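[1] Got a predicted structure plus its sequence, pasted below:
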Amino acid sequence: MIHEALKKHFGYDSFRNGQEELILDILARRDVLGIMPTGAGKSVCFQLPAVIQKGLTLVISPLISLMKDQVGALTQSGISAAYINSTLTSRQIEIVLQSAKNSKYKLIYVAPERLLAADFLAFAQSAEIAMLTVDEAHCISQWGHDFRPSYGQIPQFISRLKTRPIVSAFTATATQQVKEDIIALLSLQNPRVLVTGFDRQNLYFEVKSPKNKIQALLDFLKTHKNRSGIIYCSTRKTVEEVCEALIRLGFSATRYHAGLPDEKRRRNQDDFLFDKMPLMVATNAFGMGIDKSNVAFVIHYNMPKDMESYYQEAGRAGRDGSQAACLLLYSGQDVRTNQWLIENARDTAYADEDMELLLKERDYRRLREITFYATTNDCLRAYILRYFGENPAGYCGYCGNCDTKFETVDITEDAQKIMSCVLRMRERFGATLVIDVLRGSKNKRIYELGLDSLSTYGISQKSVHTLRAIIDFLVQQDYLDKSDEYSVLRLTPKAREVLSGNTTLQMKLAKEKTPSISEASAAPARGKNAVPRGREELFDRLKALRLEIAASQGLPAFVVFTDSTLVHMCMRLPRTAAEFLTVSGVGETKLKRYGDRFLQEIAAFCRENPM
């Protein structure tokens, strides 16, 4: 039954990893917690049961954009759904609730802030609610990376319903502590907890430390022309600077951050979703819940403050399974910016001083972990998966580090020089000044501080890049510490073994670079197949038709059909309605709505290009 429903409503012939198990548990009326990476298909896990079972499903979602996209996509698939949030007038909300009382909808998306509003609570207490779904469930935990106090209303809301519904919760990232919090705070009853694994094999990860980030960004964009992508920056100021630079250089880009007026943010977001602007430059205020399927790359212009945020944001690339790129442009200044953001968080409310200290301590620990990711020479995919509790192989063959040829070198002497220099500088300075002293820099500050008189002044001939890589390695391996707010280097007890000559150290250093992310087309495809050779024109024609249809209905193009569905049409070249229905992503409703027009376009191409 569920396989037929999947094809009928969503157009897919098979389930993704974990979906079928969770759906069967929900239909057996069991609470569930699904931890599945961005792009793994969490929404189907609650949307399909909502269609099949009797009654209404309420979906609690933190973002307006998520509600709008998912309700639009459900409507396109012939599933009745609506949302209630701050964009609706009181009269519009009244109409939605009245329609829901008349059993018009199978799903209603609602913002957590609305749950205890008198009108909505009265409706919920009289409605037949089969399931309550909590999307982005990590928001309920103060230990989650995106805590939302409004999620604290959910348990009270559930307790005030006449009958407790099934409760399903979903999130992309959750540590053990957050997972336990979700289960406890939502009072999940004997829940099925399913973690599908965090690996997104179609994503290519790379970290670069360029001298000029803007130039590195431009180099990347030149090889990804006319592709849709997100560029994340840490601050509003950086968003403005990067966006202005791109526009000045002829790129079609828009921006998104909390400092813009609401209407401007909404318009810019729609321009991106509707493919009017392929490039979105944004702070992390943009993106959670964005369902845009054709994002070909996500670039972090600055390093985010933790791995959870990074992986969730990077995961917005390649949601349809296509090959996509995730590039992080790292610099030491990113660490200092994040330290400042941790100390000056405007949107974080702490229960008391003890909790503030605990949470800041956690944030610094997480910042340390992502800094290690940004500076490691080991497999990037393996580092991510280990962070989330998995035990991957040490080589994936499909990331920037695995595509780099390394040589293992003895760094004992260099490490001793660095440690001796840190000691002679009385453990009062950061890596930049230590490197300047080691290389004998003529920096004015060195003379002012008298550091040119140290015995370690000018004793290293290594490049700045190599010395910084060695320092990062020593920090990762706990020979040096720079955990304070100013990134001051200090020796740890382990350092004594190196200084005394009792321990030798080896590390991998880059020897020669082979294919980089900017040459991603040369890398082996790990996502869905590309457009077959000779059918690129058909793909462009189908995209144009899709855009025409979407524009006429005021919808983002991917809501009509995703890029991967268009690719599948190019591969199969369906000639009849029955054949069109075999295309992945084509269900019965979309066949009725769009089948004839797409079949005509495919037939015209085949007549013009006989095979």
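    That came through fine. Numbering: from 1, shown residues only.
[2] which residues sit against stretch 251-265?
    221, 231, 236, 239-240, 243, 246-247, 268-269, 271-272, 276-283, 285-286 (Cβ atoms under 8 Å, 6 or more residues apart in numbering). In short, each C-beta sits where N, CA and C put it, glycine included.
[3] Could you tell me which of the residues you listed count as buried?
    The neighbour count (16 or more other Cβ atoms under 10 Å) marks 221, 231, 236, 239-240, 243, 246, 268-269, 271-272, 277-283, 286 as buried among the contacts of stretch 251-265.
[4] Select from the residues you listed every entry located in strands.
    With strands taken from DSSP state E, the overlap with these comprises 231, 279-282.
[5] which of those residues sit farthest apart?
    For these, the farthest-apart pair by Cβ to Cβ is 279 and 282; their separation is 10.0 Å.
[6] Could you name every residue contacting both of these two?
    Jointly contacting residue 279 and residue 282 under the rule Cβ under 8 Å, 6+ apart are 230-231.
[7] and residue 100, how many residues sit next to it?
    Burial of residue 100 is recorded as 21 neighbouring residues (other Cβ atoms under 10 Å).
[8] same check, this time on the one 5 residues further on
    As a burial measure, residue 105 scores 21 neighbours (other Cβ under 10 Å).
[9] Check whether it really touches residue 99, as I assumed.
    Yes - using Cβ atoms under 8 Å, residue 105 makes contact with residue 99 at a distance of 6.5 Å.
[10] Identify the contacts common to these two.
    Residues touching both residue 105 and residue 99 (Cβ under 8 Å, 6+ apart) are residue 82.
[11] Let me see the ranges of the strands in the stretch 201-350 of the chain.
    Applying DSSP state E, counting those that start in this stretch to the stretch 201-350 of the chain gives strands spanning 203-208, 228-232, 253-256, 279-282, 295-300, 324-329.
[12] again with the stretch 451-600 of the chain
    Assigned by DSSP E, counting those that start in this stretch, the strands in the stretch 451-600 of the chain fall at 480-481, 490-491, 506-513.
[13] which strands and helices sit next to the second one?
    Applying 3 or more Cβ pairs under 8 Å, 6 or more residues apart in numbering; DSSP states H and E, one finds that strand 490-491 contacts helix 412-424, strand 480-481.
[14] how about the first one: buried residues?
    Read it as helix 412-424. Within helix 412-424, the residues scored as buried using 16+ other Cβ under 10 Å are 414-424.
[15] buried sites along the lengthiest helix in the chain?
    Longest helix in the chain by number of residues, with DSSP state H as the criterion: helix 353-375. Residues of helix 353-375 classed as buried: 359, 362-364, 366-368, 370-375 (neighbour count, 16+ other Cβ under 10 Å).
[16] for stretch 206-214, same thing?
    Of all the residues in stretch 206-214, those buried under the rule 16+ other Cβ under 10 Å are 206-209, 213.
[17] burial of residue 352, as a residue count?
    So residue 352, with other Cβ under 10 Å, has 8 neighbours.
[18] how close does it sit to residue 250?
    Taking Cβ to Cβ, to the nearest Å as the measure, residue 352 and residue 250 are separated by 52 Å.
[19] With residue 16 instead?
    Going from residue 16 to residue 250 by Cβ to Cβ gives 39 Å.
[20] neighbour count winner among the two?
    Counted by other Cβ under 10 Å, residue 16 and residue 250 do not tie: residue 16 has more neighbours, with 16 against 7.
[21] phi, psi of the more buried one?
    Note on residue 16: its backbone torsions stand at phi -80, psi 170 [degrees, to the nearest 10].
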